[in-house]
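>>> Fold the following for me, if possible:
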Amino acid sequence: MAEKFELPIMGMSCAACASRIERELNKLENIKEARVNFPLKKAVIIPKRDIELKEIISLIRDIGYDVDIESDVTVRAQKEETELKRAFIWSACFSAVIMVFSMWMVLPYNNFILFLLTLPVQFYFGMRFHKPAVLNLKHFTADMNTLISVGTSAAFFYSAFVTFFPHVIMRAGIEPHTYFDSSATIITLILFGRYLESKAKTKTYTAIKMLYELSPKECALIRDGKEMRVSVDTLEVGDYVLIRPGEKVPVDGEVTEGNTYVDESMITGESIPVHKGVSHEVIGGTVNGKGSVVVKVTRIGKDTVLSKVIRLVEEAQFTKAPVQRLADQVAGVFVPIVILISIGAFFVWYIFGPEPKLTNALLSFVSVLIIACPCALGLATPTAIMVSTGVGAKKGILIKSAEVLELTNKVRYVLFDKTGTLTEGVIELADVVPLGGYSERDILFTAYNLEKQSEHPFSEALRRKSEESKIESAGVDNFQAIPGKGIKGEIDGKTYFVGNISLFEETGKPLDDGIVQQYQAKEREGTSPVIVWNNDNLMGILAFSDTVRAESKGVIDELKKMGIEAVMITGDSMEGAKTISGKVGIEKYHYRILPDQKADIVEDFKRRGITLMVGDGINDAPSLATADVGVAMGKGTDIAIESADVVLMKGQLSKLISLIKLSRKTLWVIKENLFWAFIYNILGIPIAFGVLYPFFGIRLEPMYGALAMMISSVSVVTNSLRLKLFKD
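Predicted coordinates for the structure are as follows:
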């Protein structure tokens, strides 16, 4: 029996679709649990006992959806996006012509022309709404598709009736108006919204695909003393591979020969490359520095660290519960009530109304449906989101979905990665401590000329500082790198060293307690110190660090004012974490955290309240996907950006505060929009029903129902445009 089935679902258009598939699957006796994720368009089914895959697929197809187990998830997402784009463009073209013929260009047989132009919009491009609506009816449920289908169909079929039987309407003393433009415009606008949503969701699949592409396809296998190029997929535990300078590490392993520095920032998030010598572990997907090493393969396939990171991203994306829009929540109640009211109106007018009874009953039935048309309801959230995301983009904040804005409004915890988020992510020479009568310039001269022969990451920081201080270059003889400890070389016949305490002690010289204390103090400050000396004297201490962003403290202070708690998570040491958190004003921090542990911490905070995660590295991708809201720094890795819900495009941390303020403003506007969308229904539906007719002879004809619908839509759009006035 299979442990679980993962099936890609086609045809889902909203979170309500996912809920219904999940509900129907969970009714099967042989299924222990079924979960359906709308953003990933995927179902995970855990069977209780033996069940055939075709039985599950048959049920999914029976309720109106399909399963595609052949094509790649990215291909499916791109195909859906392309189809929606094409449908929107064609629908928009037809709708534009329909508007022209409805308002400005009246020709003979105008209504027949409008009827023919609206047919493809209503029944071809609009079929993606009508088909789910029919299936909803079959299962006695309703969602936004039902609203769109009922509203546009009422407008279309009434207009078609007027077009072919105008005399029936005129006998009732009513001028025959058509509403083809209303049905076509509604379908076009909602197609546009669906296209934007599909475009954003494609990014999720791209992020996961990019993670898979981190590992190289081929590597150099060493077997029986010979080197051969083989596919990484053919490697087995115990094989030996040669990794040359600049190459990616193919799989997890242990170094058996050579020394190098490996850039592990995509996994650990730390910007300083790590020394790797014999018996040290390396991680697949990381990048080798300038040294060559032979590595014994210890983990392959799904057991590698990178595979676990990929799995975390996929699972986090899958388990993230999408926020149900208020419009979708009320649809299940609103639509059946409207339909019942319209049917009630028909019978009341047919039984008790004046002659011609059938015509008046039909007009009242259509009037109720038209005034209940979901145009304003459908625009309430999308228009506010469109304006809000546009404003955000101008301010350097890329927001990927409406759900993000809803959740950001309620954030209680903001979790920060350290490197590249609270800090700049660039190694700098933080301090020079001269000793023994030597000057800062003497120390820089010695360290710069030795380090420029080295592949150590500190050499770049020294180069920048030395160029800034105009330190002259000198020749170095007998240069030697001492792995994991430091370097040495001769300048003008004298031997100099740059390294750690361990290397200094190996030279046979005692180290004064005061110097040890200074060295340890630099470590406590969160820097990485090295000692500079020669055969005769100790020259000084150099301290390297990752610079704290100038804006970090201000952002943390602002979060505190908003009542939001800030927490730092880092793979750095306790001393480094304590120093950085103290500088920026963060009270809680977690240190020496690996990617999978980081995601666990995010999960823990999610149980306490809505959690937002800010990061920039590949190692942050799982936690960004796990968080309720993932925010990536725009200068971070592509994978972090794709996995996140929000991207701060210019890498400005201060824009996080703008995001939260914009979210709160947008949610307020959406609530106002929903009020305006419903107030016309609440006031208009009773009038359309005819409650005022017995007392004042007033009835709401379909034309005025459409006018009320248009006014509600204009109100919603105008209110949304106020967001353009938003200021940080």
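
>>> which ones are touching the most centrally placed residue in the chain?
Nearest to the mean C-alpha position of the chain, by Cα atoms, centre = their mean, lies Asp645 at 2.7 Å. Asp645 makes contact with Ile399, Lys400, Ser401, Glu403, Val404, Leu624, Val629, Gly630, Val631 under the criterion Cβ atoms under 8 Å, 6 or more residues apart in numbering. (Each C-beta comes from the backbone N, C-alpha and C, glycine too.)

>>> any idea how far Gly126 is from it?
Asp645 sits 30 Å away from Gly126, going by Cβ to Cβ, to the nearest Å.

>>> Please report the distance of the residue of the chain positioned farthest from its centre from Ala361.
Distance to the chain centre peaks in the chain at Glu355, reaching 59.4 Å (criterion: Cα atoms, centre = their mean). As defined by Cβ to Cβ, Glu355 lies at a distance of 11 Å from Ala361.

>>> host element of the residue farthest from the centre of the chain?
Taking DSSP states H and E as the definition, Glu355 sits outside all helices and strands.

>>> how near is it to Phe346?
Distance of Glu355 to Phe346, computed by Cβ to Cβ: 16 Å.

>>> and what of Ile471?
If you go by Cβ to Cβ, the gap between Ile471 and Phe346 works out to 91 Å.

>>> hmm, which helix or strand of this structure has the shakiest average pLDDT?
Least confident helix or strand, the chain: helix 305-319 with a mean of 58, by mean pLDDT, DSSP states H and E.

>>> following it, which helix or strand comes up?
That would be, after helix 305-319 and using DSSP H and E, helix 326-352.

>>> which other helices and strands contact that next one?
Packing partners of helix 326-352 (3 or more Cβ pairs under 8 Å, 6 or more residues apart in numbering; DSSP states H and E): helix 15-25, helix 144-164, helix 357-371, helix 375-394, helix 655-689.

>>> Try it again at 10 Å.
helix 15-25, helix 127-138, helix 144-164, helix 357-371, helix 375-394, helix 655-689 (3 or more Cβ pairs under 10 Å, 6 or more residues apart in numbering; DSSP states H and E).

>>> Going by neighbour count, list what's buried in the fourth one.
Meaning helix 357-371. Of the residues in helix 357-371, 359-371 count as buried by neighbour count, 16 or more other Cβ atoms under 10 Å.

>>> In CSV: those residues, plus pLDDT.
Output for those, formatted as CSV (pLDDT from 0 to 100):
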residue, pLDDT
Thr359, 66
Asn360, 75
Ala361, 77
Leu362, 70
Leu363, 72
Ser364, 79
Phe365, 77
Val366, 71
Ser367, 74
Val368, 79
Leu369, 71
Ile370, 66
Ile371, 71
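
>>> Closest to Val255 out of those residues?
Leu369 (72.8 Å; Cβ to Cβ).

>>> In space, what's closest to that closest one - neighbours in sequence excluded?
Ala154 (3.6 Å; Cβ to Cβ, 6 or more residues apart in numbering).

>>> Hmm, that neighbour is touching Val335, no?
No - shown here, Ala154 and Val335 do not form a contact pair, counting by Cβ atoms under 10 Å, at 12.0 Å.

>>> Can you read off the backbone torsions of the closest residue to Ala644 other than its chain neighbours?
Excluding the flanking residues, the one nearest Ala644 by Cβ to Cβ, 6+ apart is Ala632, at 3.6 Å. The phi/psi pair for Ala632 (degrees, to the nearest 10) reads phi -110, psi 140.

>>> Leu415 now?
Dihedral angles for Leu415 - degrees, to the nearest 10 - are phi -100, psi 130.

>>> Roughly how far does it sit from Ser473?
According to Cβ to Cβ, Leu415 stands 45 Å off from Ser473.

>>> Equivalent analysis for Leu674, please.
For Leu674 relative to Ser473 (Cβ to Cβ), the value is 69 Å.

>>> Which one's more surrounded, the two?
Leu674 (20 against 10; other Cβ atoms under 10 Å).

>>> Setting aside sequence neighbours, what's the nearest residue to Gly353?
Closest residue to Gly353 apart from its sequence neighbours, by Cβ to Cβ, 6+ apart: Asn360 at 4.8 Å.

>>> show me what contacts that neighbour?
Ala172, Ile174, Ala345, Phe346, Trp349, Tyr350, Gly353, Pro354, Gly690, Tyr693, Arg699 (Cβ atoms under 10 Å, 6 or more residues apart in numbering).

>>> What distance do you get for Val251 to Thr298?
Distance of Val251 to Thr298, given as Cβ to Cβ: 8 Å.

>>> which neighbours do the two share?
Counting by Cβ under 10 Å, 6+ apart, the common neighbours of Val251 and Thr298 are Val237, Asp239, Val282, Thr304.

>>> Would you agree the first one falls within a helix?
No - secondary structure assignment (DSSP: H, G, I helix; E, B strand; the rest coil) places Val237 in coil, not in a helix.

>>> which phi and psi does it have?
phi -60, psi 130.

>>> follow-up on the earlier one: which of the contacts of Asp645 sits closest to Val717?
Nearest to Val717 among the contacts of Asp645, with distances taken as Cβ to Cβ, is Ile399, at 19.3 Å.
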